[in-house]
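[1] need a structure here:
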Amino acid sequence: MTNNYFFNFRSYCFMLIVLSFAFASCSPQNIVLENDHFKYVIEPNGKNLEFVDKATHNDYLDTESGSKCAYIFVDGQRHDITSLSFAKDKFKMGFGETGVDVDILVSTSNDRITLKVASVSGEIESLVFLNVPLKLEGQPYEPFAACALSMNLFTHVRQLPPLQTDLWAECYNKFGIVGAEVTLLGLPQQKVLPVIRDVISTAKNIPFSDAGGAWALMKKEGYGSYLMNFGSLTEETVDEWIETCHNLGFNQIDSHGGGSFFEFGTFELNKEKWPDGWDSFKRINELLHKAGISHIFHTYAFFIDKNSRYVTPIPNNDLGYVNTFSLLEPINETTDEIVVKEPTTNISTVTGFHTENSVTLKIGDELIEFTGVTKSAPYKFTGLKRGANGTKISSHGLNEVTYHLSERFGRFVPGPETPLFDEMAKRHAEIVNHCGFDGMYFDAIDGSAVLGGEENFWYYGTKFIFEVVKNLERPVGMEMSSMSHHWWHYRSRWQAWDRPVRGYKRFIDIHLASIKASGLFLPDEIVSYEWEHGRWPGHTPIIDKYAGVDKGQMQLPLHLGWWGNQIWGPPQVEPTFSDDIEYLGSKMIGNNAGFSQLGGVDKKTLEEIPLFKQATEIIKQYDKLRHENYFGEKVKELLRQPGKEYKLFQQGNDEWNFKPIVYDKHKVKGLDHSTASWTVINKFEAQPIKLRIEPLMSVKSYDDPSGIILTDFSKSTDFINKSNAEGITGQISAAEEKVGTGEKAAIFSAQNSGEAPQDGSYINMEKTFDPLLDLSKNQALGVWVKGDGNGQILNLSVRSPIHISHGAHGDHFIKIDFTGWKYFELVEIESSKISDYIWPDDSHFYVYDSYRHTVHFGMIERLQLWYNNVQANKKVSTELGPVKALQMIPGFVENPSITIEGETIVFPVRMESGMYLEFFSSNDCKLYGSKGELLAEVKPEGSIPTLAKGSNEISFAGKGPNEINARVQVTVISEGDPLDKN
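    Predicted coordinates for the structure are as follows:
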């Protein structure tokens, strides 16, 4: 069959008779567009009627939406299509009273249909010329796949290839409407990648690459694991890097620029370390390739360091800017404020790494930073730093243009329609071509909105990538920190996330669910957070649905880095224990997913931190077996399941196998506390107990004079309703009853009218601190709570300003499943449980806020009181005493013991906060320090309790300090039988 699918309609009809090709036809009632695989039926008024898989006769159209096949925007208003006809090879679309008519060329072959905008009469802002919402889930377990492929830069397709749920394409007057083109596919799923390969191989306006996209699953580059280099890889150290990679089992290196490595923007290398410039990396890559190691060139895409020659001493005229102002008054070399004609009302002075804003003005060849702006006339920039970034202080005349520069990630950008933009893209390609790099990582391209607004993110990010690919001598694998439709064609794997610092196992499941999901939908909006690292808003049922799917919507090799191992750092950072690494390794094997290590694996670090050395040994073995494809699909399917844990071991015949394992964590909040006894359910056969015991940080008493009162609820205006789910109402009011300490209490009440689901029934009452509070020495909370036993989640959260802590959550959960007064010491920041519920996202880093980012306790801006899990048509009410920030102090426990059914095992040691003890048998019991260093071999006393199948009542005992509660985390470990690999 010919690859040229732009058939003349009459010639096509002849081919239809001879070859039984697909056809488009028109009847008095409906218009039918079809080929060998699908049939798309539309009413003459443009209403979608059917989208049918011809093999199964299943209609996948989402008929409940009552959608129209096209619509336009005129003066900001949407106008749906009102008439549709088909003549010769064209759709003719009418849009009613607007008077706008649109012609769409239709070309059809047996496995694809192409729509191309031929003409538009009338003035419009944009045209959606394909709009077919489907009932497909866009997942590999479905027999049928549908996909719309944009065929040029200015055709906007919202969803990513290849498995889509909403066939949609739009073009815009500002970028071009005539010539917008989309290829429409509806196929048995096993055919979709081969057909996309054929489409893209002949696409005239999509720069070609066979290193990613529809070819990615066939290329080994996307399955590798890499070690990240931040500037220590030189010709002198290359042999050490090769040795380290081989010792770790890595077959790739990612060289991440910035700092003292190479500048972002100019890509100029540090001359002291690489005097020969990029010629050094040409020689380095030759050595790496001989050792079987590929190399990735990692940049900040189009972002420009402020110390580069594009900025200083003379700023480039092509630097991007947000808006312009005109000087109302001339300024000289000593002027300390700038007066402009245009309003400065909306100018912000807030900056931060993730904040899209600068405080830099460009006037001529001078950069000027400001710290203040006036909100009314005369409009001024004040608090000036003249000659910023090493530029020359100069005089500037009346009406001279002042540019407010664009900035994100602490860096400037080029204007997207400038020669500098093209120069930076071309320079990427030149370095890859010259040095023989095997891949590229466009980090920070998730900040593409800085080039032209969020609505144009897709266009300018794509424009940059297209320019790079056009200048490459050979296709190379690519990764990006985000994703848009066209980028998929170049993507060799999907998708590295930044490292977590707590809740590791849950984070891995969320990561997997996100990179496999095909989309989350909210009313009137398609939410594409899953295309952005760390932004996916899924919770338990969505995580459980997608995390175990094979490959997922994008059909790319998967990646579970970036990873950084952690040691104990309360209250926000949890240690990465062996079971966290085993969980990661299991998911890597189950998903054939690669991995990347941010660092912490050099010889010196591994010697200093044995916990990290243990992690590298574990991951090396898991990844080795993954590359060998040691396990079959039956085992991999089990390993993929979210929340299911398995441990790798060698059987008697030296064969590797897995056995299921459970790590059941429980916090003992005091030796005399009710939590010192609890129930563990063992789903396996009876077995001797295995344990990990971790003394946690303790807390000074509630009445200690060092405590800081965050609220005593004395002012009714302190808390405002900051946000709530639909149908959730609530308030904080004074309580008549006092706390047992004699202090006043408040009532936090809320009601769910039934509009919000129980797991998304949130309300946030917030108090703001001005000035900010310094809680750097008081990072725990103490509060008395009187419960009503209705099961709602009470969350006490402290927050720093978003631009400082990136939106980190300082959450502490209390489940109100009790009645009466209880005192709570809240220390460790919550992570894993946060994703059991639905919460609003106010920072656009939904997952990272709970799992990666850390609160800046020295700068606390808000105290939040949340509810969630409020039953429908139920009113809940909790009384609270004053909330105090308390000091954490180290605790200890001596001779800790565990008792089950009268059997008690005692560990004759003194354990201090940060230590941990692991007990696997009477001959395998060790006490470790916070870095995993072995402190002692421990000989337990007493009998080893048996963990019976089913329910087990467990109690913990020991001796702790008298003045504080000894807080301990106990993990009960149980194992099942080896897997049947047959």
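[2] Every contact and neighbour count from this point should use C-alpha atoms.
    Fine.
[3] Count the neighbours of the closest residue to Phe464 other than its chain neighbours for me.
    Once flanking residues are discounted, Phe464 sits nearest to Ala425: 6.1 Å by C-alpha to C-alpha, 6 or more residues apart in numbering. Using other C-alpha atoms under 10 Å, Ala425 is surrounded by 23 other residues.
[4] Ala425 against Phe303, yeah?
    No. Contact criterion C-alpha atoms under 8 Å: Ala425 and Phe303 do not qualify, at 10.9 Å.
[5] one step back: what's the residue nearest to Phe464 in contact with, if anything?
    For Ala425, the contacting residues are 301-302, 464-465, 467-468, by C-alpha atoms under 8 Å, 6 or more residues apart in numbering.
[6] pLDDT (mean, whole number) over the one helix or strand it maps to?
    Ala425 is part of helix 419-435, with elements assigned from DSSP states H and E. For helix 419-435, the mean per-residue pLDDT is 98.
[7] Pro162 and Val128: what is the separation?
    Pro162 sits 20 Å away from Val128, going by C-alpha to C-alpha, to the nearest Å.
[8] Repeat that for Val322.
    For Val322, the distance to Val128 (C-alpha to C-alpha) stands at 28 Å.
[9] So for the two, which residue has more residues nearby?
    Neighbour tally, Val322 and Val128, criterion other C-alpha under 10 Å: the higher count belongs to Val128, 20 against 16.
[10] which residues of the stretch 451-600 of the chain score low on pLDDT?
    520-530 (pLDDT under 70).
[11] all strands of it, in order?
    477-480, 520-522, 525-527, 596-597 (DSSP state E, counting those that start in this stretch).
[12] do the stretch 101-250 of the chain as well
    Under DSSP E, counting those that start in this stretch, the stretch 101-250 of the chain gives strands at 101-108, 113-121, 126-133, 144-150, 156-157, 166-172, 181-188, 226-229.
[13] Now for the residue sitting nearest the centre point of the chain: which residues touch it?
    Among the residues of the chain, the one closest to the centroid is Gly534, at 1.5 Å (C-alpha atoms, centre = their mean). By C-alpha under 8 Å, 6+ apart, the residues touching Gly534 are 497-498, 511, 845-848.
[14] Quickly find the element holding Gln621.
    Here Gln621 is assigned to helix 610-627, by DSSP H and E.
[15] Mind listing residues that contact that helix?
    Here helix 610-627 has contacts from 248-250, 565-567, 576-578, 581-582, 585-586, 588-589, 592, 594, 600-601, 605-607, 631, 648, 931-933, using C-alpha under 8 Å, 6+ apart.
[16] Narrow the residues you listed to those in helices?
    Within the contacts of helix 610-627, residues falling in helices by DSSP state H are 248, 578, 581-582, 585-586, 588-589, 605-607.
[17] Just the buried ones from the residues you listed, in PyMOL syntax?
    A single PyMOL command selects the buried members of the ones in helices among the contacts of helix 610-627 (16 or more other C-alpha atoms under 10 Å):
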select buried, resi 248+578+581+582+585+586+588+589+606
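[18] longest strand in the protein, by residue count?
    Counting residues, the longest strand found in the chain (DSSP state E) is strand 656-668.
[19] Could you quantify the relative orientation of the helix or strand following it and strand 656-668 as an angle?
    Of the helices and strands lying after strand 656-668 in sequence (DSSP H and E), the nearest is strand 677-682. Strand 677-682 and strand 656-668 meet at an angle of 160 degrees, taking axes from the mean of the first three to the mean of the last three C-alpha atoms, to 10 degrees as the criterion.
[20] Neighbouring strands of the very next helix or strand once past strand 677-682 in the sheet, and parallel or not?
    Following strand 677-682 in sequence order, the next helix or strand is strand 687-688 (DSSP H and E). Neighbouring strands of strand 687-688 in its sheet, by DSSP bridges, are strand 946-947 (antiparallel).
[21] who does whichever helix or strand comes after the partner strand touch, helix- and strand-wise?
    As assigned by DSSP H and E, the chain's next helix or strand after strand 946-947 is strand 950-959. Counting by 3 or more C-alpha pairs under 8 Å, 6 or more residues apart in numbering; DSSP states H and E, the packing neighbours recorded for strand 950-959 are strand 677-682, strand 892-900.
[22] Would you mind checking the average pLDDT for strand 950-959?
    Across strand 950-959, pLDDT averages out at 98.
[23] mind listing what's buried in it?
    952, 954-958.
[24] repeat for stretch 455-473
    For stretch 455-473, by 16+ other C-alpha under 10 Å, it's 457-472.
[25] Same question for stretch 389-400.
    The neighbour-count check on stretch 389-400 (16+ other C-alpha under 10 Å) flags 389-394, 396, 400 as buried.
[26] Also stretch 959-969?
    Applying 16+ other C-alpha under 10 Å to stretch 959-969 flags 960, 964-969 as buried.
[27] which residues touch it?
    Contacts for stretch 959-969 (C-alpha under 8 Å, 6+ apart): 665-671, 693-701, 891-896.
[28] could you flag which of those residues are buried?
    Among the contacts of stretch 959-969, those scoring as buried are 666-671, 693-701, 891-896 (criterion: 16+ other C-alpha under 10 Å).
[29] What ranges does the stretch 351-500 of the chain have for its helices?
    For the stretch 351-500 of the chain, applying DSSP state H, counting those that start in this stretch gives helices covering 419-435, 457-470.
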